[in-house]
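Visitor: structural data only, the sequence is not supplied:
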């Protein structure tokens with residue numbers, strides 16, 4: 001199985017690295033990190049770079065594509081070459097997936113029209129502008145499209161896909177191998193459970209978190 005992770009400037013590293021830690025452990029997985037051009041790609045913190053080993057144009061035909069999100073995807077939602085590549089490979093994929101605001105990139109490419117999808121909770125209200133149907137949940141499957149909510153939900157997405165691709169035994173073995181057993185110190189992981197003042201603060205200052 002060829003898995004292509006799409007990289008671009010100022011993407012969120014965990015959106016790709018979290019799912020990579022799961023999907024790269026699938027039996028027979030072959031992983032490629034690809035960007036508009038091969039080479040280092042800056043992530044959103046500016047302190048970390050990921051390396052695209054090839055360009056999208058030269059990436060192997062993918063069975064699974066993962067598009068990460070980022071705090072500022074203005075360039076990616078208007079990136080005609082990226083959208084053209086996504087549309088070109090879509091029909092041949094078993095899974096076309098995204099994490100966080102990556103779903104807005106898929107939607108802007110025209111792939112989620114009329115489909116249920118999720119995104120970061122501060123960005124989900126932008127999905128209808130591209131014809132997608134915002135749906136609550138950490139992972140949403142609609143056809144061969146799979147979208148994950150914000151950042152950490154990418155690991156949940158990858159485990160869901162591992163189950164669909166290789167079965168529950170493999171998926172659970174991977175989960176145990178990476179010791180994915182979340183026990184956060186706060187119940188503040190979603191707007192439904194976080195203290196209202198925290199939710200209000202982030203809504204009021206969303207421009208500091210998401211520029212797009």
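Guide: Structure's in. What do you need? For clarity, every value in this text was computed on a predicted model and none was experimentally measured.
Visitor: other residues contacting the lengthiest helix in the chain?
Guide: Determined from DSSP state H, the single longest helix within the chain is helix 153-166. In this structure, residues lying in contact with helix 153-166 by Cβ atoms under 8 Å, 6 or more residues apart in numbering are 1, 14-16, 18-23, 25-27, 64, 68, 94-95, 97, 99-100, 118, 138-139, 141, 146-148, 170-171, 174-175, 180. For every residue, glycine as well, the C-beta is placed using N, CA and C.
Visitor: let's see which of those residues end up in strands.
Guide: 64, 95, 97, 99, 139, 141, 146, 147, 148 (DSSP state E).
Visitor: the fifth one: neighbouring residues, count only.
Guide: Applying the criterion other Cβ atoms under 10 Å, we find 20 residues in the vicinity of residue 139.
Visitor: please apply the same query to the first one.
Guide: In terms of burial, residue 64 registers 24 neighbours under the definition other Cβ under 10 Å.
Visitor: what pLDDT does it get?
Guide: We have a pLDDT of 98 for residue 64.
Visitor: likewise for the fifth one?
Guide: The model reports residue 139 with a pLDDT of 98.
Visitor: partners of it in the sheet?
Guide: Legend: beta-bridge partners of residue 139 under DSSP bridges are residue 148.
Visitor: contact partners for residue 184?
Guide: No contacts exist for residue 184 under Cβ under 8 Å, 6+ apart.
Visitor: gap between it and residue 197?
Guide: With distances taken as Cβ to Cβ, to the nearest Å, residue 184 is found 18 Å from residue 197.
Visitor: next: residue 186.
Guide: In this view, residue 186 and residue 197 are 13 Å apart by Cβ to Cβ.
Visitor: residue 34: how many residues sit nearby?
Guide: Using other Cβ under 10 Å, residue 34 is surrounded by 22 other residues.
Visitor: for it, give me its contacts.
Guide: 4, 5, 6, 7, 52, 53, 54, 55, 56, 58, 59.
Visitor: show the pLDDT at the nearest residue to it once chain neighbours are set aside.
Guide: Distance criterion Cβ to Cβ, 6 or more residues apart in numbering; nearest residue to residue 34, sequence neighbours excluded, is residue 59 at 4.1 Å. If you check residue 59, the pLDDT there is 97.
Visitor: is residue 59 in contact with residue 31, as I believe?
Guide: No. Contact criterion Cβ atoms under 8 Å: residue 59 and residue 31 do not qualify, at 10.9 Å.
Visitor: next, show the common contact partners of the two.
Guide: Common neighbours of residue 59 and residue 31 (Cβ under 8 Å, 6+ apart) are residue 4.
Visitor: looking at the two, which has the bigger crowd around it?
Guide: Taking neighbours as other Cβ under 10 Å, residue 59 and residue 31 compare with residue 59 leading, 22 against 16.
Visitor: just the pLDDT for residue 206.
Guide: pLDDT for residue 206: 86.
Visitor: what's near enough to touch it?
Guide: Contact analysis of residue 206 by Cβ under 8 Å, 6+ apart lists residue 122.
Visitor: same check, this time on residue 170
Guide: Applying Cβ under 8 Å, 6+ apart, the residues near residue 170 are 26, 27, 162, 163.
Visitor: and the helices in the chain?
Guide: Using DSSP H, helices in the chain cover 13-23, 80-90, 102-108, 153-166, 168-177, 196-204, 206-209.
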